[in-house]
Structure formats: C-alpha cells, structure tokens
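S.K.: Fold the following and give me the result.
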Amino acid sequence: MGYIPFNSSVVQGDGGDPEEFVWEENGSPIDITTWVIYYTAKTSKDVTDANASISYDSVNDPTIIVKSDSGSGTTDKFTITLAATDTDDLTAGIYYQDIQRIISSGDPWTLGMGKLTVEGDVTRRTTT
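M.R.: Sure thing, here's the model as predicted:
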C-alpha cells in the first residue's frame, strides 16, 4: 500500500490546522485502536529522528495525535494538530514531514508524507 501525500503550512508560534486521516480497505473501516502512530518533521530527510524539529507519537502525545471514530462505528480515524509551542522556535522554511506506524513484523509503514511550510510570524508580541 502506498502513502498519502500531504502538504501543510503553519505560521511560527501558531498551532497547525488539524490534518485528518481515515483508514479503510475496500470500503470497510480499518480499526486503528492498537496502532502507534508517529509524526516527524525535519529540515532534511538525513536528520536523525532524535534531532527532528518536531516529533510526536500517539502513545506519548495523545492530545496531538487523536484517534477517533469517523462515524463508521470503528476507531478508524486519527487527527494530528501541531502545537503552537512546537512551531514557535522553528526557522521559517520548508520541512519534510511524514506519518508512520510500525506493522506487526516490526517494520515501519509510511502512511503519509509531504512538506510542511513554516511561515515567519510578523507580530511576535503577546501583550500590549
């Protein structure tokens, strides 16, 4: 199975718009309850995961990667929303992003991949 291409953008210091992904096969929902989902954004694909600009997983970051029911009666959807605190210190530019899960063999499966554009913020003050 291939991956879903996705590109997104965010302004430094802002939270991202929710990115939703629904999983089905031949029109039937796929239960993702036991999936551990990883989101990573890096300045280069060569950067190690330990040095990624943003790194989330559905176990340690359940408010960032939220699993839910799309209306099918099965937990078949997840939503990723970047936190404002994680974009605040990013340099404006293009980042490589992907979403993966580890399949039963222990191998990674790339669910989605694309680019994250971080725009520089104009107003940085938070008080008058």
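
S.K.: could you pull out the strands for this structure?
M.R.: 4-5, 8-11, 19-22, 24-25, 28-29, 37-42, 54-57, 65-69, 75-80, 93-102, 108-119 (DSSP state E).

S.K.: now for the ones you listed, which one comes closest to Thr87?
M.R.: strand 8-11 (5.2 Å; C-beta to C-beta). The C-beta positions use only the backbone N, C-alpha and C, and glycine is treated the same way.

S.K.: re the thing from before, of all the strands of the chain, which one comes closest to Thr127?
M.R.: Closest among the strands of the chain, using C-beta to C-beta: strand 8-11, at 18.7 Å.

S.K.: I'd like the distance from that closest one to the chain centre, please.
M.R.: The chain centre lies 12 Å from the centre of strand 8-11; the measure is C-alpha atoms, centre = their mean, to the nearest Å.

S.K.: Contacts for that strand, please.
M.R.: 16-17, 19, 82, 87, 97, 114, 116-121 (C-beta atoms under 8 Å, 6 or more residues apart in numbering).

S.K.: Many thanks, we can stop here.
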